Structure formats: structure tokens, C-alpha cells
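Enquirer: Just to be clear, the model below is a prediction. Sequence and coordinates:
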Number of protein chains: 2
Amino acid sequence: MTADAWVPPPVLVAVDLVVFTVRGSELHVVLIERGIAPHRGVLALPGGFLRDAEEDLLAAAYRELSEEVGLTARHVHLEQLGAYGTPGRDPRGRVISVAYLAIAPRLPEPVADTDASAAGWVLADFALSPAARLAFDHRRILADGVERVRTKLEHSTLATAFVGPTFTVSELQSVYEAVWGVRLDPRNFYRKVQGADGFLVPAGPARRATPGRPARLFRAGPSATIRPPLTRPIGPADQEATS
Amino acid sequence: MTADAWVPPPVLVAVDLVVFTVRGSELHVVLIERGIAPHRGVLALPGGFLRDAEEDLLAAAYRELSEEVGLTARHVHLEQLGAYGTPGRDPRGRVISVAYLAIAPRLPEPVADTDASAAGWVLADFALSPAARLAFDHRRILADGVERVRTKLEHSTLATAFVGPTFTVSELQSVYEAVWGVRLDPRNFYRKVQGADGFLVPAGPARRATPGRPARLFRAGPSATIRPPLTRPIGPADQEATS
DNA sequence: GTAATAGTGTCTATCAGACACTATGCC
DNA sequence: GGCATAGTGTCTGATAGACACTATTAC
């Protein structure tokens, strides 16, 4: 700020991913077991340093998603969660991590790459519990990610990122129930999402396979927001995510 | 990611501030005129590089708030907006800026420091208009800040950060009207904010000064969220802020 | 037929928006 | 008194939640 000789301190920048999906009525997140120091052998969010000085942050997030999770860009929603830069959060020096929130339809098993000795879907509730030890400040990042996705389901159409390109209303309901951890009335849920303009558009007649009447298929509509918002029945204590 | 010799690229980290207040029924933001290259003489958000490798991001934001805007920590709400790191956004090299949103009650004039030849409150609508040229990607950062504060007024008690420690309901209403750019019915607004549990707590009897009946004073309540949320009458087109 | 899920209709308590009305200060 | 703002009451149309009912499949 002052004289000519001063130069700003260089910093290392990493990108970390909070990758969510819904499997079997429960919210899951991708965790890896770190294969390199520091925190070797400890559970962590997938991520890594910028590859070079020209790599865009979002591009780095997509690259890590592919390398460490084995998910290709298509059909994965990716948005920035925030920057985490407390000094001392990484023993290697001053590292600032830009966290990204990724939402994937239920698809493949993640694959371990060179930095990770193992990778897989873990129950989000377990990953947040004291029983799971996470590296760095990844527990905090994960908690912020959970909070973000919970609140975004209320007033955005983010839930459609959890399901495939076409889906039934009850599949969408399962997403809400898994993320919010509540049970919803199917009839009221049906009316509500149908009434939200631009949320769902019909796509094909019906899907057979399960017992019971076949369900109509829908595709995500053009709207990014839901008016009026869906109301979460009751929430556990709310948090404010600031960093 | 690969071999032993590889090291991650160092990056410069800056902190930028989107400082809002309400003056005369309009949303204002602090802009400076840059006193140093690059973009010397151009309008920009206040901000600067990390002072040293040990400085916390939030601490740097508070420092810039004090140095460049002349606001001391007390009574200023500060929360992270996001990280902006597109390569080429700063001609000095690879710079990642962590933007913070600051909300201040209407208080002093900002003061120019060494990096800024001028600083002052500017109408937010003007700062976002094509007539105002902003340095770097600060127009985008500002747009994200406006969007954030607009949506947060709906379901959080953030509006109380715009007013002093004690305030009247009509002062609070002015905040909503300025930020949303709409007119609200005072009677319905009064009932609504009174009904929101933990939003307002009585503080003192009344304030005299203006014509008309004196208004009761309130203090910000313990709750950080509003249930049910206040509904914005109609919004201009919504945006999704991702980075 | 039974079981199971999809989708529709209806009732009720509550709420947002409109706005008449009362209360309390200044001049 | 007149005027201005604060605060309350009431009405109405819309909506959330509860839940009866019909529809369409598999067996």
C-alpha cells in the first residue's frame, strides 16, 4: 500500500469440490482418502492446486471433477461456494482454496486418481458427524455446501440438477426429501411444482417399470427461480455462511 | 498433479469491497477513483492486495474498509461475496480477488487514501449503468453484490445492518424500498415485520423530531432469518451469481 | 380382484394485499 | 382546528397443508 519496493505476497490457490448426489433417499457427498501429504490417509474433499497461472478457476473445478471424481462436465451443475483462506489452514504455506458446489445426477462411482488412495460417495450426515475426521477445514466447507444446497432448493430450480435429463415428479420429490431430511405429501408436492411457472415442462408420456401407475416424464423448464418459493417444513438451526 | 518437480503457480490475492448504504431513499455504493496504475483515474471498488502472507482474508477486508473507506469495524456487516479469478482480469498478472459485501448505516463520507485520488458514495443504479466505466471486472462484482443484498433482504434480517442500533419501522421500510426499488404499503409492512419472530425487539418509547406521531424505536432481534420470508413484489429479471 | 403408485378435487386455517380507521404528535 | 406520520382493524382473494378420491399399471 505504501512505497515502491513493496510487493504483495504470493499465495497458492487450490480448488476444492463439494460434489452432491442423492442415492437411495439420502444425500451423499464425494470424499477421497488422501494419498499424499499432508493429511495422508485422511478423508478430504476432492480438489487440487491450479495447474498453471493461466487456468481459470471454473476450468480448474471442471478438471478436478473429471480427474478426481470421474465426472465429465455434461449434466453436472457447478457453482462457486466461496473462498477459504485462513492462514495456517494448510501446513504447506499460505493456501487459499476456492470451493465449488457440484450437483450430479446419480451416476457412476468416483474413481481414485494419483492423489487419492480411495474415493467414493459418503452419506452427507456421516461426513458432517464428529465420527468423520476431514482434512484441513473441509468440514466447514462441506457444512457451507449443505446449507447452500438446502436453501437453494427453496427458491431455485437446482433440484433438477440432481436428476437425469428427464424425470418424474416423485423422483424430484425424493431429492427434496433427501436434502431437507423431511417427508413431504406427494399430492401437495405435485400441485406445487406443477404450479411453479417454468419449473417443469412435459417430456414424453410415461415411464413403466415400477409397480403402480406409470408416471409422466418431465424436463427442467426455462426458469432458474421458483415463485413463490417452496417452503421447507421446519429447518434445523440455520447458519450464516461467510467464510 | 503429476511428478515431483511440479510446483503450483503462485498467485496474487486481493480483497475488494462492495460497500452499500442507503441515503435519501436510494441505494449507494462506495467507489474510488484509482490513483495508481493500472486503470489510473478510473472508477473502481475499494480494495487492495493482502498485506502479508499471514493476513486473514476477512481481516484484510476490515483493514481496507478502514483505510480506503474510513469505516471502523463497529456496526458494519461484512460477509464474503465470492472469488473472482479469471485470467487476464488484472494486467499485473494472475490476481484473484476475494470480494466482500459490506453494509453500513448511513454514516460518514469515505476518505481517499494513498491509492485513491477520490472516494465517495455513488448511486448504485448509476454505478451499474453503462455511463459509469469501472476498472477490472468490478461491474460484475458490483452486480453480484446488488443481487445478493436484494435476495438476502427477503429471508434474512440483513436490512437492520443498514440502519443504526435503534431505528423505527419506517426507517426499515425505507431500506427495503431503496434496495428493491419499489414502494411498499406502510401498514402491511408494519404488521409483517412485527409478526416475524425475533426480527425486531422494542427499544425505548418514541422518537420525536419529524411531523406526525412519534414512532416507537426498535433494536435488531436475535434471529438471523425471517420466517416466513418477506416477498419482493416483483423483481426485474433474476440472475444467478456463480463467479 | 389386491397392491401400489400417479394424479385430481376439496375443505380449512392462514396469509398477503388493499384500504378504512384511530392515535398522537407538530403547527 | 389542520396536517402528517404511526399504528390497528377488517375484508377478500390466494395459498399451504390435510386428506378423500379417482386413474392406471403389475400381479
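Expert: Thanks, I have the structure now. Please read all numbers here as calculations on a predicted model, not as lab measurements. Numbering: from 1, shown residues only, chains lettered A, B, ... in the order given.

Enquirer: In chain A, what residue spans correspond to strands?
Expert: With DSSP state E, the ranges of strands along chain A come out as A:10-23, A:26-34, A:43-44, A:47-49, A:77-84, A:95-103, A:116-123, A:166-167, A:200-202, A:218-220.

Enquirer: For DNA strand D, which of those strands is the nearest?
Expert: Ranking the strands of chain A by their distance to DNA strand D (criterion: Cβ to the nearest atom of the strand) puts strand A:200-202 first, at 15.3 Å. C-beta coordinates here come from the backbone N, C-alpha and C atoms, glycine included.

Enquirer: For the strands of chain A, give me JSON lines that also has mean neighbour count, distance to B:Ala159 and mean pLDDT.
Expert: Written out in JSON lines, the entries for the strands of chain A read as follows (neighbours: other Cβ atoms under 10 Å in any protein chain shown; distance: least, Cβ to Cβ, whole Å; pLDDT from 0 to 100):
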{"stretch": "strand A:10-23", "mean neighbour count": "23", "distance to B:Ala159": "30", "mean pLDDT": "96"}
{"stretch": "strand A:26-34", "mean neighbour count": "22", "distance to B:Ala159": "32", "mean pLDDT": "94"}
{"stretch": "strand A:43-44", "mean neighbour count": "18", "distance to B:Ala159": "38", "mean pLDDT": "96"}
{"stretch": "strand A:47-49", "mean neighbour count": "22", "distance to B:Ala159": "36", "mean pLDDT": "96"}
{"stretch": "strand A:77-84", "mean neighbour count": "22", "distance to B:Ala159": "22", "mean pLDDT": "98"}
{"stretch": "strand A:95-103", "mean neighbour count": "25", "distance to B:Ala159": "27", "mean pLDDT": "98"}
{"stretch": "strand A:116-123", "mean neighbour count": "17", "distance to B:Ala159": "37", "mean pLDDT": "80"}
{"stretch": "strand A:166-167", "mean neighbour count": "19", "distance to B:Ala159": "38", "mean pLDDT": "94"}
{"stretch": "strand A:200-202", "mean neighbour count": "14", "distance to B:Ala159": "33", "mean pLDDT": "95"}
{"stretch": "strand A:218-220", "mean neighbour count": "19", "distance to B:Ala159": "33", "mean pLDDT": "96"}
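
Enquirer: Select, out of those strands, the one closest to B:Gly120.
Expert: If you check each of the strands of chain A against B:Gly120 by Cβ to Cβ, strand A:77-84 wins as the nearest, at 28.0 Å.

Enquirer: what about that closest one and chain B, touching?
Expert: Yes - using Cβ under 8 Å from any Cβ of the partner chain, a contact is recorded between strand A:77-84 and chain B, made by A:Leu78, A:Glu79, A:Gln80, A:Gly82, A:Ala83.

Enquirer: of the residues you listed, closest to A:Val146?
Expert: Closest approach between the residues of strand A:77-84 next to chain B and A:Val146, by Cβ to Cβ: A:Gly82, at 13.4 Å.

Enquirer: which residues sit in contact with A:Arg23?
Expert: Under the criterion of Cβ atoms under 8 Å, 6 or more residues apart in numbering or on different chains, the contact partners of A:Arg23 comprise A:Arg106, A:Trp121.

Enquirer: What's opposite it in the beta bridge?
Expert: When bridges are taken as DSSP bridges, the partners of A:Arg23 come out as A:Glu26.

Enquirer: Distance-wise, check it relative to A:Thr151.
Expert: From A:Arg23 over to A:Thr151 the distance is 22 Å, taken as Cβ to Cβ, to the nearest Å.

Enquirer: now do A:Ile96
Expert: Taking Cβ to Cβ as the measure, A:Ile96 falls 25 Å from A:Thr151.

Enquirer: Over to A:Pro46?
Expert: In this structure, A:Pro46 and A:Thr151 are separated by 23 Å, where distance is defined by Cβ to Cβ.

Enquirer: Look at those two and report which has more neighbours.
Expert: For the pair A:Pro46 and A:Thr151, the greater number of neighbours falls to A:Pro46 (27 against 19), based on other Cβ atoms under 10 Å in any protein chain shown.

Enquirer: Was I right to think the more buried one contacts A:Gly70?
Expert: No - counting by Cβ atoms under 8 Å, A:Pro46 does not reach A:Gly70; the two are 10.0 Å apart.

Enquirer: Can you tell me which residues in chain A are near DNA strand C?
Expert: Remark: the part of chain A in contact with DNA strand C comprises A:168-170, A:186-188, A:190-191, A:194, A:206, A:210-216, using Cβ under 7 Å from any atom of the strand.

Enquirer: Just the buried ones from these?
Expert: Using 16 or more other Cβ atoms under 10 Å in any protein chain shown as the burial test, the residues of chain A next to DNA strand C include A:Thr168, A:Val169, A:Tyr190, A:Ala215 as buried.

Enquirer: so where is chain A shaky, pLDDT-wise?
Expert: Low-confidence segments of chain A, defined by pLDDT under 70, are located at A:1-4, A:107-118, A:207-208, A:235-243.

Enquirer: Tell me how it divides into domains.
Expert: With automatic domain parsing serving as the domain definition, the record reports that chain A contains domains spanning A:13-139, A:153-242.

Enquirer: Let's have the strands of chain A in TSV, adding distance to B:Leu134.
Expert: Output for the strands of chain A, formatted as TSV (distance: least, Cβ to Cβ, whole Å):
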stretch	distance to B:Leu134
strand A:10-23	24
strand A:26-34	38
strand A:43-44	38
strand A:47-49	30
strand A:77-84	21
strand A:95-103	23
strand A:116-123	41
strand A:166-167	42
strand A:200-202	38
strand A:218-220	34
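
Enquirer: Now, the residues of chain A next to DNA strand C that are in helices?
Expert: Residues of the residues of chain A next to DNA strand C located in helices (DSSP state H): A:Val169, A:Ser170, A:Pro186, A:Arg187, A:Asn188, A:Tyr190, A:Arg191, A:Gln194.

Enquirer: For B:Glu33, see how far away A:Trp6 is.
Expert: Computed as Cβ to Cβ, the A:Trp6 to B:Glu33 distance reads 22 Å.

Enquirer: oh, I was asking about A:Ala119
Expert: Relative to B:Glu33, A:Ala119 is positioned 50 Å away (Cβ to Cβ).

Enquirer: A:Arg140 too?
Expert: Remark: distance between A:Arg140 and B:Glu33 (Cβ to Cβ) = 38 Å.
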